[in-house]
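>>> Turn this into a model:
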Amino acid sequence: MPTVAYRAVAIHAMPFGAELRPDGAVRFRLWAPGEQRVRLALEGRSETLPMTALSDGWHELATKEAIAGTQYSFELTNSMRVPDPASRYQPRDVHGPSEVIDPGAYQWRDGSWRGRPWHEAVLYEMHIGAFTAEGTFQAAIGRLDHLVELGVTALELMPLADFPGARNWGYDGVLLFAPDASYGRPEDLKAFVDAAHRKGLMVFLDVVYNHFGPDGNYLPVYAPQILTDRHKTPWGSAINYDGADATPMREFVIHNALYWLEEFHFDGLRFDAVHAIMDDSSMHLLDELAQRVRRTFGKVRQVHLVLENEENEAHLLARGPKGEVERYTAQWNDDVHHGLHTAATGEEAGYYAEYRGATEKLARALAEGFAFQGEMMTYRGSARGEPSAHLPPTAFIAFMQNHDQVGNRAFGDRLTHATPTERVRAIAAAFLLAPQIPMLFMGEEWAAAQPFPFFCDFEDELAEAVRKGRRAEFAKFPEFQDEAMRERIPDPTSEQTFRSAKLDWRDLSREPHSQWLDWYRRILAVRRTEIVPRLPEMAGHAGTYETSGPGAFRVSWRLGDGSRLVVAANLSAGTWNGFGPSPGRIIWSEGHADQQRNVLGPWSVLWSITGASEAQEAVRP
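Numbers count the residues shown, from 1 in each chain. Next comes the predicted model:
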């Protein structure tokens with residue numbers, strides 16, 4: 001680990017927004033190339049203040065008439081007032097004024113914290129608004145001990161960037177530097193991260209750089225160059241990262257990443273849908289962003305960068321000659337999820353058709369990272385992925401649930417809602433002890449009864465469009481051909497839909513939830529003692545696999561200490577005995593697995609480990 005102590009107070013120096021200066025003045029700076037003039041409007045002051053027009057579309061003013069806590073907005077040439085796109089806080093939501101924040105006012109207590117090694121990560125994805133009844137940063141602090149006792153080591157927060165209304169998944173953010181006020185003030189978020197660090201927990205933030213939300217993004221009004229019609233995304237025109245005048249927008253998101261890491265002490269970022277970040281320039285935004293982050297924090301503390309990437313671009317996860325991360329630490333492994341999900345549920349709609357019954361794809365994804373490494377994917381009609389077996393398993397994050405895979409279902413139902421317990425535990429056992437980094441979705445550890453449906457808080461025409469669009473999206477599925485059935489789909493704009501997603505923590509002491517929680521604690525304890533210490537120094541080409549009938553597979557990995565980890569699984573309703581005895585010491589047995597008789601009963605998983613000397617003996621000719 002780095003030996004340089006992380007300073008207790010960190011202020012990210014931004015070339016835009018509101019900055020407190022040592023002389024007591026506040027500097028305001030806005031990029032508005034579409035405006036001849038911009039004026040600063042301060043709450044409580046009847047007259048606006050003229051800003052100086054600088055070169056390249058910048059407007060600036062330093063004044064002592066503003067202090068920390070002052071609310072302000074920018075007045076454009078047509079007298080329209082807009083919030084600061086680099087606002088650190090929006091007390092009255094996305095259409096209201098911004099607030100000057102003193103980022104150095106919070107007194108951090110994690111001065112000795114320098115992060116944790118990536119191989120120790122057990123991720124827990126959570127939505128702050130639905131994690132507790134209160135839905136705030138402060139309330140979430142009270143549940144950190146539960147996560148520590150569970151065996152979690154890293155929290156991954158769904159996006160916090162300010163969004164319109166009081167509830168949202170977070171992927172409709174429009175003010176990227178302002179944590180949404182519905183969760184608390186910026187200092188409350190800092191207190192949450194601070195408390196997590198004192199308990200040994202890393203904290204990651206999900207950020208969205210592929211699009212802005214549909215309500216509250218004023219940037220195109222005074223800086224139309226931020227969008228381009230050369231590229232298209234599922235959300236409309238792409239953000240301009242590669243055309244003329246692209247530099248300010250590139251700097252905007254790079255500073256945003258640095259800001260969250262430095263000013264809020266986040267241990268890492270998860271980048272949403274990077275396959276939708278369109279950039280044909282000589283250095284892709286993702287490359288430049290990773291370089292800047294590594295250069296800034298490489299000698300200070302451990303920072304981990306995680307991707308969601310439909311294209312399975314293994315080159316972004318490249319390791320250096322000593323196994324060091326060069327750009328991105330890991331990627332969400334959808335291939336593992338799809339293989340596990342179809343095995344347990346039998347679903348075959350959409351892209352699931354590529355995975356149902358394809359045991360080899362699941363085994364390959366566990367052993368080598370991606371199931372698709374350049375092969376044709378019929379569902380999309382094109383090749384997908386790049387070779388990934390050369391990467392260490394820790395370059396991939398495995399899971400059986402996340403916000404998308406639960407929330408994008410019509411009713412937001414969790415896997416445990418209609419899937420038999422023995423099936424869910426079998427697929428959970430198949431990934432929780434694997435060398436890939438495991439991730440849980442909040443409430444998974446006690447089989448939470450609450451769904452996690454899609455929710456938002458748009459108004460008027462936009463709300464109606466989202467409501468109709470949500471139901472039209474499912475009209476193509478056979479079970480929703482009937483209009484009456486589609487009408488049962490929860491209204492995403494209803495407050496009740498949001499409230500239905502809030503975890504009920506009283507269930508922890510009730511059956512069967514308490515049994516689930518005990519199971520998760522026990523299997524994560526095995527991971528902590530048996531797997532995690534052996535992950536350092538793992539190289540690529542560590543995993544091999546074989547399949548033997550529907551749902552039956554065996555995967556073997558050579559761990560960093562030379563030992564060998566083996567999983568034999570039968571994710572089917574039949575009985576299988578085609579692999580031979582499991583070598584070494586059994587560390588976990590799920591279902592009815594008989595090592596002596598070499599029998600794997602229905603929905604059974606057997607994990608074993610062979611010591612370094614035994615593993616070497618086993619592979620000798």
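>>> Tell me how far residue 603 lies from residue 520.
Applying C-beta to C-beta, to the nearest Å, the value for residue 603 to residue 520 is 17 Å. From N, CA and C alone the C-beta is placed, and that goes for glycine too.
>>> More neighbours: which of these two?
residue 603 (27 against 21; other C-beta atoms under 10 Å).
>>> Might one say that that one is in contact with residue 591?
Yes. Between residue 603 and residue 591 a contact is recorded at 4.9 Å, counting by C-beta atoms under 8 Å.
>>> what sits in contact with each of these two?
Counting by C-beta atoms under 8 Å, 6 or more residues apart in numbering, the residues touching both residue 603 and residue 591 are 422, 425, 426, 570.
>>> most neighbours, which of these?
residue 570 (29 neighbours).
>>> beta partners for that residue?
residue 552, residue 604 (DSSP bridges).
>>> Is it correct that residue 231 falls within a strand?
Yes. According to DSSP: H, G, I helix; E, B strand; the rest coil, residue 231 belongs to a strand.
>>> how close does residue 163 sit to residue 467?
Where residue 467 is concerned, residue 163 sits at a distance of 17 Å (C-beta to C-beta).
>>> And the strands in the stretch 351-500 of the chain?
375-377, 382-384, 396-398, 437-441 (DSSP state E, counting those that start in this stretch).
>>> Equivalent analysis for the stretch 201-350 of the chain, please.
202-207, 227-233, 236-239, 268-271, 304-307, 330-332.
>>> Present those strands as a markdown table; the columns should include mean neighbour count, distance to residue 126 and mean pLDDT.
Output for the strands of the stretch 201-350 of the chain, formatted as a markdown table (neighbours: other C-beta atoms under 10 Å; distance: least, C-beta to C-beta, whole Å; pLDDT from 0 to 100):
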| stretch | mean neighbour count | distance to residue 126 | mean pLDDT |
| --- | --- | --- | --- |
| strand 202-207 | 23 | 10 | 98 |
| strand 227-233 | 15 | 26 | 89 |
| strand 236-239 | 18 | 27 | 88 |
| strand 268-271 | 25 | 12 | 98 |
| strand 304-307 | 24 | 15 | 98 |
| strand 330-332 | 25 | 15 | 98 |
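>>> Can I get those in a markdown table including distance to residue 28?
A markdown table is the format used below for the strands of the stretch 201-350 of the chain (distance: least, C-beta to C-beta, whole Å):
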| stretch | distance to residue 28 |
| --- | --- |
| strand 202-207 | 24 |
| strand 227-233 | 24 |
| strand 236-239 | 24 |
| strand 268-271 | 27 |
| strand 304-307 | 31 |
| strand 330-332 | 38 |
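>>> I'd like to know which of those lies nearest to residue 111.
strand 202-207 (16.1 Å; C-beta to C-beta).
>>> Would you check that residue 59 makes contact with residue 36?
No. Using C-beta under 8 Å as the test, residue 59 is too far from residue 36 to be in contact (9.9 Å).
>>> Which one of the two is surrounded by more residues?
residue 59 (23 against 9).
>>> distance of that one from residue 144?
From residue 59 to residue 144 the distance is 43 Å (C-beta to C-beta).
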